[in-house]
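Chemist: predicted structure and sequence below. I'll ask about it afterward.
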Amino acid sequence: MRLFLLDGMALIYRAHFAFITNPIRNSKGVNTSALYGFTNTLLTIIEKENPTHLGVAFDTHAPTARHIRYPAYKAQRDATPEELLAAIPHVKRLCQAFHIPVLELDGYEADDIIGTLAHRADQEGIFHTYMVTPDKDFSQLVSPTSFIWRPGRKGTDHEILDLPTILKNWEIQRADQVIDILGLWGDASDNIPGVPGVGEKTAKKLIAEWDSVENLLDNAVKVKGKLGENLVAYRDQALLSKELATIMLDVPILYSWEELELSPYPESEIRALFAEFEFRTLAKRLFPDEKSVSPTKESSATTEAELSDRTTIRDVAHVYHIANDDASRNELFAALYTQPSFCFDTETTSLDPFAAELLGIAFSWQAHHAWYLPTPDLAALLPTLREIFSQPSKKIGHNLKYDLAVLQNHGITVDGPLFDTMLAHSLLHPDQRHSMDRLAESHLQYTPIKFSEIATPASAEKSSAASDDLFAYTAAQPTNKKDLSVAHIPLEILAEYAAEDADVTWQLANLLREELTKSGQAEVFSTIESPLLPVLTRMEMQGIAIDPAALTEIGSELQQTIDTLTISISEHAGMTFNLNSPKQLGEVLFTKLNLAEKAKKTTTGQFKTDEATLSALEGCHPIISDILQYREATKLKSTYVDALPTHIQPKTGRIHTTFHQLVAATGRLASTDPNIQNIPVRSALGKKIRKAFIPAAGCTLLSCDYSQIELRIMAALSGDAGMISAFRENADIHTATAAKVYGITPTEVTKEMRSHAKMVNFGIIYGISAFGLSQRLSIPRSDAAQLIDNYFEQYPGIKAFMDATIAKTREQGYIETLSGRRRMLPDIHSANQNIRGNAERAAINTPIQGTAADMIKLAMIRIDALLESSYRSKLLLQVHDELVFDLIIEETEQLVPQILDIMQHALVLPHDVPIVVEAGTGANWLVAH
């Protein structure tokens with residue numbers, strides 16, 4: 001017997017978006033794309049697969065165990081389109097008309113329902129089970145008698161994935177190892193984090209070597225380099241990700257096999273449905289005698305394959321030139337001099353701008369027209385290129401920071417306003433992917449040539465393929481290529497590829513410019529994000545010096561601390577065990593030492609030993625404090641002390657972090673390779689790391705840090721008189737808050753009271769609850785609740801601001817910073833309390849944190865302009881609310897006051913709330929800060 005289990009929501013989503021550029025609508029204007037696509041798949045299965053049993057599984061709106069376990073689960077997704085939501089009841093009507101059971105159960109996802117039924121069928125051995133879904137997660141369920149039936153796309157036929165195929169594709173020994181790979185890799189579509197730095201290939205390699213996530217994490221110290229550091233640092237996240245990726249097999253679904261048996265269906269009901277939605281083609285397919293139904297946009301020309309197809313360079317007329325002789329180069333240069341704006345894209349040999357050789361530059365200033373300028377003799381072209389890029393014309397590109405860095409390394413400075421399509425899309429849609437290929441498909445319905453289609457291994461010789469035939473060339477390229485480069489690609493092929501990139505980016509810029517204007521984000525983009533691009537480029541290229549000897553000394557100290565703590569923990573436990581194994585640690589803490597009556601467990605039955613769990617137990621046994629210190633010390637050593645020297649650029653002897661402008665929805669900068677933002681500043685151990693960052697010769701390090709900027713912004717936005725008064729009087733805000741909350745004078749405030757008030761002050765910004773505050777302060781929840789109540793009583797303006805902000809966000813669907821940066825928060829309307837609560841906290845936090853981000857970005861832009869025009873000192877780093885400079889000692893007296901003035905006046909706060917910037921200098925970052 002053949003059991004088919006359809007992933008209803010996945011198929012509906014797939015069908016809706018397959019027709020997104022040209023939806024099928026009936027004569028009443030109703031979008032029937034999702035219903036049409038689902039019906040098409042269903043009929044294919046019924047007609048060609050001869051199922052004996054069939055069911056369609058759906059999610060419900062009720063929260064699942066995954067949402068409760070991890071509130072951010074799927075929280076990044078855009079709100080489901082209204083037209084798609086409207087289709088779901090009709091899909092269920094269709095299932096009922098075919099007498100196909102709709103399988104759904106509150107608290108469980110469709111995946112879990114399908115998993116449970118497939119598992120039951122496997123155990124009973126009476127079916128060949130086919131799981132109909134495009135979702136890769138189902139690979140974990142494939143067995144000798146269970147298969148994935150994956151629908152085709154763009155006109156291709158469906159695929160049936162059996163166990164050997166799954167094992168080969170995932171490079172595993174058992175299907176359940178798919179879960180381990182997903183635990184490490186994560187799943188962006190479900191917001192499952194995985195382990196930073198681990199992609200699909202790395203995850204497969206690790207599981208092939210270590211068999212499971214648990215075994216890998218138990219041996220993480222044996223994995224070398226940054227990867228090993230991340231496995232240690234993110235072990236709890238990896239285990240959580242595996243838990244979230246595991247499809248449940250024990251859903252209490254009560255359907256019997258008899259209820260899923262396919263039975264004859266009444267033609268009249270289905271004919272009526274097809275007539276209602278005007279599915280003429282489908283009606284003729286199912287009922288050959290069908291004469292006609294009402295007119296509709298659905299026709300023989302609107303099959304799924306045709307509507308989802310996109311154009312390519314093969315289909316679109318285009319004029320691309322190669323400027324490879326004096327006449328053509330002169331023609332190109334003359335045109336560029338006259339353009340008010342143009343798009344450019346560099347072609348290089350490496351993604352590392354320090355190592356990249358410039359092969360050529362593509363230009364475009366008109367749709368479907370472009371030029372490619374090869375640069376084998378760059379020295380001869382430099383004077384002209386420098387002059388062209390110094391013109392005040394607007395320069396357009398995709399991921400411009402890379403191109404600016406490459407050109408800077410080759411002696412070319414890019415002046416004039418900039419428009420980065422990747423940055424524009426990031427500002428508009430921060431939770432989507434921003435690659436040029438993806439934007440071309442979504443905005444232009446066009447699929448560009450992929451890099452992997454033309455690139456060759458870096459070690460390869462120049463290709464002998466037909467150099468003037470792009471399609472013959474791409475067809476001749478081998479698959480599964482590694483270490484790809486464009487260095488050996490024939491000129492004609494590279495020119496076509498590069499020119500297309502510039503052409504597509506030019507077209508995207510025009511569309512995104514309109515979208516920025518419509519969304520109210522054009523000013524934020526033009527006054528903050530675009531001008532910041534060259535600033536960040538200069539910072540990245542400048543880098544910062546570190547002292548390897550200092551790191552060695554710090555590493556020795558940390559190792560001594562680790563060794564001492566290891567001995568102490570073993571003595572407290574009365575045994576030696578693997579401290580890096582959450583499983584072994586949980587057994588020691590909760591079975592042997594019995595530190596909690598009802599210790600929490602993961603869904604896999606393992607005791608929780610994450611930081612929050614251990615912090616809640618601090619004080620009940622000395623082993624807890626030792627473990628927390630041990631984890632901090634091992635993380636600092638692996639993540640910073642051992643890793644920082646590996647980031648030194650050989651050409652400069654400095655560390656060059658990469659800054660990301662719009663990774664955070666609030667607009668805060670992030671950094672990677674290495675992540676400078678996460679260097680701890682509060683603990684004594686963490687502070688030591690900053691000692692290793694030193695100034696260049698002839699300089700001192702200057703640190704300029706906004707003082708309590710988020711609290712000042714909260715006071716300004718809320719207009720609370722009490723908090724504004726405290727800042728105007730330059731009072732210690734935490735002491736002032738403690739005095740108000742506890743009803744005493746400032747002189748009576750104890751150190752503990754001030755600490756509690758500080759936690760409340762900063763916790764309020766992030767929507768801290770009484771439970772959360774009680775956990776952080778180790779006080780009863782009732783005391784924490786009273787503390788928060790007293791706080792709002794003393795600062796009524798803040799409570800009113802929070803309530804009004806949530807109400808405003810609920811009304812308009814978004815919230816804005818003082819500068820107008822907008823964050824969409826569709827989850828503010830979620831029926832799921834956890835998801836809605838997260839959105840409400842984001843609504844409160846975004847205007848505060850986002851305004852702070854805008855303020856320091858504006859300051860950086862103005863400081864950079866000052867330095868470039870008049871000084872030799874350099875801006876090196878931005879870390880949260882702090883800027884770090886290589887300060888030429890002779891410039892100190894004149895420059896520092898100007899920097900402080902710019903920072904203090906970068907953005908004027910309402911109610912004249914004063915902005916304070918604290919500055920310090922020193923022989924290393926710790927001393928300066």
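Modeler: Okay, I see it. Numbering: from 1, shown residues only.
Chemist: I figured A843 hits A804, correct?
Modeler: No: applying Cβ atoms under 8 Å, one finds A843 not in contact with A804, separated by 10.3 Å. All C-beta spots, glycine's among them, are computed from the backbone N, C-alpha and C.
Chemist: these two: which is more packed in?
Modeler: A843 (23 against 11; other Cβ atoms under 10 Å).
Chemist: ok, the more buried one to T817 distance?
Modeler: From A843 across to T817, the span is 12 Å (Cβ to Cβ, to the nearest Å).
Chemist: which non-adjacent residue is nearest Y234?
Modeler: V195 (4.8 Å; Cβ to Cβ, 6 or more residues apart in numbering).
Chemist: what is the neighbour count of that neighbour?
Modeler: 26.
Chemist: and D864, by the same measure?
Modeler: So D864, with other Cβ under 10 Å, has 19 neighbours.
Chemist: give the contact list for it.
Modeler: If you count contacts by Cβ atoms under 8 Å, 6 or more residues apart in numbering, D864 has them with 534-535, 538, 875.
Chemist: can I get the residues you listed in TSV with pLDDT and distance to E269?
Modeler: Shown next, in TSV, are these (pLDDT from 0 to 100; distance: Cβ to Cβ, whole Å):
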residue	pLDDT	distance to E269
P534	97	65
V535	98	65
R538	97	68
L875	98	70
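Chemist: among those residues, which ones are in strands?
Modeler: Using DSSP state E to define strands, the subset of these located there is L875.
Chemist: how about the contacts of D864, which pair is most distant?
Modeler: Spatially, the most separated pair among the contacts of D864 is P534 and L875, at 11.7 Å (Cβ to Cβ).
Chemist: need the helices for the stretch 251-400 of the chain, in chain order.
Modeler: Using DSSP state H, counting those that start in this stretch, the helices found in the stretch 251-400 of the chain span residues 257-260, 267-277, 280-286, 304-308, 326-338, 378-389, 400-409.
Chemist: try the stretch 701-850 of the chain
Modeler: Residue ranges of the helices in the stretch 701-850 of the chain, as given by DSSP H, counting those that start in this stretch, are 709-718, 721-728, 733-742, 751-765, 770-777, 781-794, 796-812, 833-870.
Chemist: to I396, which of those lies closest?
Modeler: With Cβ to Cβ as the measure, helix 833-870 is the member of those nearest I396 (19.5 Å).
Chemist: can you state the direction angle for that closest one and helix 751-765?
Modeler: 100 degrees (axes from the mean of the first three to the mean of the last three Cα atoms, to 10 degrees).
Chemist: what pLDDT, on average, does helix 833-870 get?
Modeler: In this model, helix 833-870 has a mean pLDDT of 93.
Chemist: so which bits of that helix are buried?
Modeler: 834-864, 866-867 (16 or more other Cβ atoms under 10 Å).
Chemist: please apply the same query to stretch 760-778.
Modeler: Those would be 760-761, 763-765, 767-768, 770, 772-777, for stretch 760-778 by 16+ other Cβ under 10 Å.
Chemist: next: stretch 143-151.
Modeler: Across stretch 143-151, burial judged by 16+ other Cβ under 10 Å covers 145-151.
Chemist: measure it end to end?
Modeler: End-to-end distance for stretch 143-151: 19 Å, by Cα to Cα, to the nearest Å.
Chemist: outside of it, which residues touch it?
Modeler: Against stretch 143-151 from outside (Cβ under 8 Å, 6+ apart): 4, 11, 14, 41, 45, 49, 118, 121-122, 125, 127-134, 138-139, 142, 158-163, 166, 175.
Chemist: weed out the non-buried ones from those residues.
Modeler: Neighbour-count burial (16+ other Cβ under 10 Å) applied to those gives 4, 11, 14, 41, 45, 118, 121-122, 127, 129-133, 138-139, 142, 158, 161, 163, 166, 175.
Chemist: narrow these to those in helices?
Modeler: Per DSSP state H, helices hold the following members of these: 11, 14, 41, 45, 118, 121-122, 163, 166.
Chemist: A362: which of the residues you listed is nearest?
Modeler: Closest to A362, out of all of these and judged by Cβ to Cβ, is R14, at 34.7 Å.
Chemist: any idea how far the closest residue to that closest one other than its chain neighbours lies from N169?
Modeler: Computed as Cβ to Cβ, 6+ apart, the closest residue to R14 that is not its neighbour in sequence is P134, at 5.6 Å. Remark: distance between P134 and N169 (Cβ to Cβ) = 14 Å.
Chemist: quick check, pLDDT for G543.
Modeler: At G543, pLDDT is 97.
Chemist: same thing with the one 4 residues further on?
Modeler: Per-residue pLDDT puts D547 at 94.
Chemist: so what's the residue count around it?
Modeler: Neighbours around D547, by other Cβ under 10 Å: 15.
Chemist: domain assignment for the chain?
Modeler: 1-169+248-282, 172-246, 319-455+486-543, 546-655, 718-848 (the TED database).
Chemist: of all those, which one is nearest P695?
Modeler: Among the domains of the chain, domain 546-655 sits nearest to P695 (Cβ to Cβ), with 10.4 Å.
Chemist: straight-line length of the closest one, end to end?
Modeler: 7 Å.
Chemist: list the contacts for L644?
Modeler: So L644 contacts 546, 551, 655, 674, 692 (Cβ under 8 Å, 6+ apart).
Chemist: of these, which is the nearest to L428?
Modeler: P674 (29.3 Å).
Chemist: for that closest one, list the residues it contacts.
Modeler: 640, 643-644, 647, 655, 657.
Chemist: next: K205.
Modeler: E171 are the contacts of K205 under Cβ under 8 Å, 6+ apart.
Chemist: tell me which helix or strand it sits in.
Modeler: For K205, the element it lies in under DSSP states H and E is helix 200-210.
Chemist: quick check: next helix or strand after that helix?
Modeler: With DSSP H and E, the next secondary element past helix 200-210 is helix 213-218.
Chemist: could you list the buried residues of that next one?
Modeler: If you call a residue buried by 16+ other Cβ under 10 Å, then helix 213-218 has these buried ones: 213-214, 216-218.
Chemist: turn these into CSV, including distance to A72.
Modeler: Shown next, in CSV, are the buried residues of helix 213-218 (distance: Cβ to Cβ, whole Å):
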residue, distance to A72
V213, 20
E214, 23
L216, 24
L217, 21
D218, 26
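Chemist: for these, which one is nearest L206?
Modeler: Out of these, the member with the shortest distance to L206 (by Cβ to Cβ) is L216, at 5.6 Å.
Chemist: give the contact list for the closest one.
Modeler: Applying Cβ under 8 Å, 6+ apart to L216 gives the contacts 180, 184, 206-207, 209-210, 223, 231.
Chemist: pLDDT value on it, please?
Modeler: At L216, the model reports a pLDDT of 91.
Chemist: about what we covered before: out of the contacts of L644, who has the most neighbours?
Modeler: Counting by other Cβ under 10 Å, top hit in these: A692 with 26 neighbours.
Chemist: surely that residue touches I546?
Modeler: Yes: assessed by Cβ under 8 Å, A692 is found in contact with I546 at 5.0 Å.
Chemist: shaky segments in the stretch 301-450 of the chain?
Modeler: Where the stretch 301-450 of the chain drops to pLDDT under 70, the residues are 301-310, 431.
Chemist: tell me, how many neighbours does the nearest residue to D854 once chain neighbours are set aside end up with?
Modeler: Computed as Cβ to Cβ, 6+ apart, the closest residue to D854 that is not its neighbour in sequence is S819, at 4.1 Å. When neighbours are defined as other Cβ under 10 Å, S819 has 18 of them.
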